[in-house]
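1. Sequence first, then the predicted structure, then my questions.
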Amino acid sequence: MGEVVLMSDARIAAIPVRDCGEPLRDVRRGGVIAVDERKSDDEGAFAHLREGLLNRLMDAQDLLPRGVRLLFVEGYRPPSLQRFYFERYADELRAGHPEWSAEQVGAAASRYVSPPEIAPHSAGSAVDLTLVSDDGRELDLGTRVNASPEESEGACYTEAENIGQEARANRRLLSGVLSGAGLVNYPTEWWHWSYGDRYWAFVTGADHAVYGPVDLDRGLGAAVAPSPSQGD
Ligand SMILES: C[C@@H](N)C(=O)N[C@H](C)C(=O)O
Ligand SMILES: [Zn+2]
């Protein structure tokens, strides 16, 4: 397995954000991408992505062989929800490892949930997804989407070796089409991919991220971009 750089790494937070102001779009419009409702919320926030990411997802869909589709699970996540996920998991880790320092808890938590300050989902620049057959059956990717490192004994890591051959082949297929469309993977989660955020900038060598945190503008599904220098 190659080096795993966690979201909590100081090199990620150090990357400046110059938000391009692109809107959020609803993935459900147009019906090109299959959408799973397991993360749905009253406002449909979960189904939103930055336009540039959605376009790339549609490119990736086109690269898949006949009979296989992307299954979108979660995109935009309001900062309050991100904080809730992060704190809940950090609490679990603290309870299991009372001897850990705050830094150890933060790093371990960021294997599975991004620190709220840099969260790509809250920028509309990350997507959790898997593969389905035409008849809606989820393909074997080795673990369920959102299996934690503890639950999956590390099999959630994209390059984990404790998964079967079919799951490995399906991960290769998913990685091939998403990388081909310009997305980058978070290596602790086979289902988490992003474009335009700080992690993407780190992996691709871009000198800044193009998407920072946004608010969902109710009704319009547009993004309210923060000040362009945010994160500098
Ligand atoms: C919680 C999981 N679905 C996820 O999205 N994790 C990444 C690292 C995140 O929170 O950005
Ligand atoms: Zn994710």
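-> Arrived safely. Ligands and ions are numbered 1, 2, ... in the order given.
2. Now do the lengthiest helix in the chain: distance to the chain's middle.
-> Counting residues, the longest helix in the chain under DSSP state H turns out to be helix 79-96. Mean-position distance between helix 79-96 and its chain equals 17 Å (C-alpha atoms, centre = their mean, to the nearest Å).
3. packing partners for the next helix-or-strand element following it?
-> Where DSSP states H and E defines the elements, the next helix or strand beyond helix 79-96 is helix 102-109. The elements that helix 102-109 packs onto, with contact taken as 3 or more C-beta pairs under 8 Å, 6 or more residues apart in numbering; DSSP states H and E, are helix 79-96. The C-beta positions use only the backbone N, C-alpha and C, and glycine is treated the same way.
4. Check which helices and strands the helix it packs on is in contact with.
-> helix 102-109.
5. what comes up buried for stretch 99-112?
-> 105-112 (16 or more other C-beta atoms under 10 Å).
6. swap that for stretch 115-126, please
-> For stretch 115-126, a neighbour-count test (16+ other C-beta under 10 Å) marks 115-116, 118-126 as buried.
7. when you scan it, is anything in it near ligand 1?
-> Yes - residues of stretch 115-126 contacting ligand 1 under C-beta under 6 Å from any ligand atom: 119-121, 126.
8. Over to stretch 53-71?
-> No - on the criterion C-beta under 6 Å from any ligand atom, stretch 53-71 is out of touch with ligand 1, staying 13.5 Å away.
9. So which bits of that stretch are buried?
-> Across stretch 53-71, burial judged by 16+ other C-beta under 10 Å covers 53-54, 56-57, 60-61, 68-71.
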